[in-house]
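A.B. asks: take this sequence and fold it.
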Amino acid sequence: MPVLGLWLAIRGRHRALLDAALAMALATFMSNKPYLHGQPNAWDPIVFGVFLMGGAIGVRRWLAAGAGGSRDGFTATRVLASDKATVGLVGMASVAHPGAAPASPASAPPDTIGGGGRSGGAGSSGSF
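C.D. replies: So this is what the prediction gives:
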């Protein structure tokens, strides 16, 4: 379904359908492994991120290689100069946001192992 939606959206130049098809494709990639009862790995998000970056780079290069840097009305270049200022402002706001307070370091529990003995500290003569 996501592939068919992407094809129809690009062919018909329909932005809302393109957004919906991309969201469906992302949801499909993220939920495919649990749906097929696959074993989740710690590196799965890394592979997903590399796949997304590769796809973005590929689409940008494909669009830029077209006549005039665009294909069928889609372009990889920034159309509005105001977008650059908006993205910069959002980036600055995300840095200024305080976020979660750092957790205070927990004090280490007292070391009770081996602390009860009189000879060598191994606790052989201590009470249990």
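A.B. asks: can I take it that residue 62 is in a helix?
C.D. replies: Yes: read with DSSP: H, G, I helix; E, B strand; the rest coil, residue 62 is one of the residues of a helix.
A.B. asks: which SS class is the spatially most central residue of the chain?
C.D. replies: When the chain is reduced to its mean C-alpha position, the nearest residue by Cα atoms, centre = their mean turns out to be residue 49, at 6.1 Å. State at residue 49, reduced to three classes by three-state DSSP: helix.
A.B. asks: what domains does the record give for this structure?
C.D. replies: If you go by automatic domain parsing, the domain ranges for the chain are 1-40, 41-80.
A.B. asks: turn these into JSON lines, including distance to residue 86 and mean pLDDT.
C.D. replies: C-beta coordinates here come from the backbone N, C-alpha and C atoms, glycine included. Listed next are the domains of the chain as JSON lines, based on distance: least, Cβ to Cβ, whole Å; pLDDT from 0 to 100:
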{"stretch": "domain 1-40", "distance to residue 86": "18", "mean pLDDT": "83"}
{"stretch": "domain 41-80", "distance to residue 86": "9", "mean pLDDT": "83"}
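A.B. asks: distance to residue 88 for those domains - can I get that in a markdown table?
C.D. replies: Output for the domains of the chain, formatted as a markdown table (distance: least, Cβ to Cβ, whole Å):
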| stretch | distance to residue 88 |
| --- | --- |
| domain 1-40 | 23 |
| domain 41-80 | 12 |
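A.B. asks: where along the chain do the strands fall?
C.D. replies: With DSSP state E as the criterion, the chain has strands at 70-71, 74-75.
A.B. asks: what helices or strands is the first one leaning on?
C.D. replies: Okay, so that is strand 70-71. Counting contacts by 3 or more Cβ pairs under 8 Å, 6 or more residues apart in numbering; DSSP states H and E, strand 70-71 packs against helix 44-64.
A.B. asks: so how far is the helix it packs on off the chain centroid?
C.D. replies: 12 Å (Cα atoms, centre = their mean, to the nearest Å).
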